[in-house]
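Trainee: Below are the sequence and a predicted model for it; my questions follow.
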Amino acid sequence: MTLFYSYPPCRAGSLNSPAMPLKRALFSRVPATRIEVDLDAIAHNTRVLHQACTPNTSLMAVVKANAYGHGAVHAAQTVLSHGADFLGVARMSEAVQLREAGIQAPILVFGDTQPARAVQAAGLGIRVTLTGIDAAKALNAAARTARTIVTAHIKIDTGMGRLGLCPGLDMSKTLADLTSMMQMDNLAIEGIYTHFANADAVDSTHAKQQLALFTQVLDRLDADNLLPEFIHAANSAATLTLPQSHFTMVRPGIALYGLCPGPGVESTDLTPALSIISTITQVKQVPKGFAVSYGSTHVTDRPTAIATVPVGYADGYSRLLSAKAHMLVSGQRARVTGRVCMDFTMIDVGRIPDAAFGDEVVVLGTQGNETVSADALADIIGTINYEVVAGLTSRLPVYYRKQAIDVPRHTPDPEKQPHPGNIPENDRESSERPSHP
């Protein structure tokens, strides 16, 4: 399998910048420490998620935060070739990055967007999110001045407590605001959506309560013939566990990259896509009583061997993993020894007698029969797998592996339109590149 590295796409800049092609360079040698992303795994996961969808459901692939650390452009190209119809990002700069890389699929920005920025984005076919009547009025006025139409999705806050209209607080006002937003001349309301706060939990009660409230809003809109084309609620967890929330489109994120959304989700069919690979840069044979790293917090209790690995907290390998995590050398686990430094981490390889300068080290991923998972690292530092991968920094180059697979692209039935029957009852050849924006 050939290893490729592509230069990162241009950073988000002027909305008037022309799309720039990605440049690729083949290297005979790779950096000592790098991220490797298996695009075959992302393709597989996309197909798994699409197969979990109810019939004729579109799939919006969430590639925000640089595709959760996996590289937004390559991830987007992959998911679009294996079943995704739409892309979702958090910020306008992320959407512009995808456009400048030549990606033409529909893109929705989840966060608030300044009116002037949204009007500029309209020419790039970027959809924006409307979270309230005041924002809608400001955007409509800006679009009118620019003599353009801005395509938008309306966000409904059914229990997340973050962004959106709140029918749980005032249903009448929510419906009035929705009607007003849909009647604004320079806004094209293409979709409506909500976001689950606890769909990944073992207890689905809260998710079902959110779904019921969202359905009430949809029923009222349907009665007035105001349902937009796209209705979406299901994140990764709900895509896999709550089919009644699929509506006309699902919106998975973390599961695309092979990571489990939470304890209430069965994810054995998913394949983790991201690994962190490094190299031993030095091995020291040390005696009992040898102090390791800052603060001399670790003193060896026996003669052993200490290997230095060039990865540290400036790369996103948390200092909280000090003396707790393991790395893999020759298919064996080697414990992190002493404090994780900004640029280096030391591991004890005394029980791996053949460990030597230049040996591969798997910081995250699988080697032989052993695995260091994002979940395991997250458990050590008291966080979630999302933060482990999304927190990796741009100092780590990203390499990609991809093997061509001829898979028919999913195309939703164009005749399928939202109607009351669609509304449920209550109930990380090879291709690689560094892609950090």
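Mentor: Looks like it came in fine.

Trainee: burial measure for the residue lying closest to residue 54 once chain neighbours are set aside, as a count.
Mentor: Distance criterion C-beta to C-beta, 6 or more residues apart in numbering; nearest residue to residue 54, sequence neighbours excluded, is residue 246 at 4.5 Å. C-beta coordinates here come from the backbone N, C-alpha and C atoms, glycine included. The number of residues packed near residue 246 is 25, by other C-beta atoms under 10 Å.

Trainee: cool, and residue 369?
Mentor: Number of residues near residue 369 (other C-beta under 10 Å) recorded here: 8.

Trainee: just residue 145 next, same as before
Mentor: 12.

Trainee: So that it lines up with my notes, have the first residue be 234 from now on.
Mentor: I'll keep to 234 as the first residue from here, and by that count the last item is residue 378.

Trainee: Which per-residue confidence value corresponds to residue 545?
Mentor: Confidence at residue 545, expressed as pLDDT, is 98.

Trainee: Could you report the separation of it from residue 322?
Mentor: In this view, residue 545 and residue 322 are 29 Å apart by C-beta to C-beta, to the nearest Å.

Trainee: repeat for residue 333
Mentor: Using C-beta to C-beta, we find residue 333 at a distance of 13 Å from residue 322.

Trainee: same check, this time on residue 604
Mentor: In terms of C-beta to C-beta, residue 604 sits 30 Å off from residue 322.

Trainee: So those two - more neighbours on which side?
Mentor: When neighbours are counted by other C-beta under 10 Å, residue 604 and residue 322 differ, and residue 322 comes out ahead with 25 against 16.

Trainee: That one against residue 299, yeah?
Mentor: No - Residue 322 is beyond contact range of residue 299, at 9.8 Å (criterion: C-beta atoms under 8 Å).

Trainee: Name the residues contacting each of those two.
Mentor: In terms of C-beta atoms under 8 Å, 6 or more residues apart in numbering, residue 322 and residue 299 are both contacted by the residues residue 305.

Trainee: what comes up buried for stretch 606-616?
Mentor: Under the neighbour-count criterion of 16 or more other C-beta atoms under 10 Å, stretch 606-616 has 606-608, 610-611, 613-614 buried.

Trainee: can I get the CA coordinates of it in PDB?
Mentor: Provided in PDB are the C-alpha atoms of stretch 606-616 (Å, rounded to 0.1, in the frame of the first residue of the first chain):
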ATOM      1  CA  SER A 606      -8.100   3.100  21.900                       C
ATOM      2  CA  ALA A 607      -9.400   6.600  22.100                       C
ATOM      3  CA  ASP A 608     -11.900   5.400  24.600                       C
ATOM      4  CA  ALA A 609      -9.100   4.000  26.900                       C
ATOM      5  CA  LEU A 610      -7.100   7.300  26.700                       C
ATOM      6  CA  ALA A 611     -10.300   9.200  27.400                       C
ATOM      7  CA  ASP A 612     -11.100   7.100  30.500                       C
ATOM      8  CA  ILE A 613      -7.600   7.900  31.900                       C
ATOM      9  CA  ILE A 614      -8.000  11.600  31.600                       C
ATOM     10  CA  GLY A 615     -11.700  11.800  32.400                       C
ATOM     11  CA  THR A 616     -13.000  12.900  29.100                       C
END
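
Trainee: ok now that stretch, how far from the chain's centre?
Mentor: 17 Å (C-alpha atoms, centre = their mean, to the nearest Å).

Trainee: Was I right to think the residue nearest to residue 287 contacts residue 290?
Mentor: Yes - taking contact to mean C-beta under 8 Å, the distance of 5.0 Å between residue 479 and residue 290 places them in contact.

Trainee: Send over stretch 369-376 as CSV, restricted to the C-alpha atoms.
Mentor: The C-alpha trace of stretch 369-376 is given here as CSV (Å, rounded to 0.1, in the frame of the first residue of the first chain):
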residue,chain,number,x,y,z
ALA,A,369,-33.5,35.8,10.9
LYS,A,370,-34.7,39.4,10.5
ALA,A,371,-31.1,40.7,10.4
LEU,A,372,-30.1,38.1,7.8
ASN,A,373,-33.1,38.7,5.7
ALA,A,374,-32.4,42.5,5.7
ALA,A,375,-28.8,41.9,4.7
ALA,A,376,-29.8,39.5,1.9
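
Trainee: Any buried residues in it, and which?
Mentor: 369-370, 372-373, 375-376.

Trainee: what does that stretch contact?
Mentor: Contacts for stretch 369-376 (C-beta under 8 Å, 6+ apart): 346, 348-349, 351-352, 355, 361, 363, 382-383, 385, 410, 413-414, 417-420.

Trainee: Filter those down to the ones in strands?
Mentor: 361, 363, 383, 385, 420 (DSSP state E).

Trainee: what sits against the third one?
Mentor: Pointing back at residue 383 there. Applying C-beta under 8 Å, 6+ apart, the residues near residue 383 are 351-352, 354-355, 361, 372-373, 376, 419-421.

Trainee: That one bridge partners, please.
Mentor: Note on residue 383: beta-bridge partners residue 420, judged by DSSP bridges.

Trainee: Bridged to residue 267, which residues?
Mentor: residue 510.

Trainee: Could you report the distance from it to residue 512?
Mentor: Residue 267 is 10 Å from residue 512, where distance means C-beta to C-beta.

Trainee: more crowded one of these two?
Mentor: Higher neighbour count among residue 267 and residue 512: residue 267, with 22 against 18, using other C-beta under 10 Å.

Trainee: pLDDT score assigned to that one?
Mentor: Among the per-residue scores, residue 267 holds a pLDDT of 96.

Trainee: try residue 249
Mentor: So residue 249 comes in at 37 (pLDDT).

Trainee: Now flag whichever of the contacts of residue 383 is closest to residue 554.
Mentor: Lowest distance from residue 554 to these (C-beta to C-beta) belongs to residue 361, with 38.7 Å.

Trainee: Of the contacts of stretch 369-376, keep whichever come out buried.
Mentor: For the contacts of stretch 369-376, buried by 16+ other C-beta under 10 Å: 346, 348, 351-352, 355, 361, 363, 383, 385, 410, 414, 417, 419-420.

Trainee: just to revisit the earlier point, which single one of the buried residues of stretch 369-376 is nearest to residue 632?
Mentor: Of these, the one sitting nearest to residue 632 (C-beta to C-beta) turns out to be residue 372, at 40.2 Å.

Trainee: What helix or strand is the closest one located in?
Mentor: helix 366-379 (DSSP states H and E).

Trainee: just how off-centre is that helix within its chain?
Mentor: With C-alpha atoms, centre = their mean, you get 30 Å for helix 366-379.
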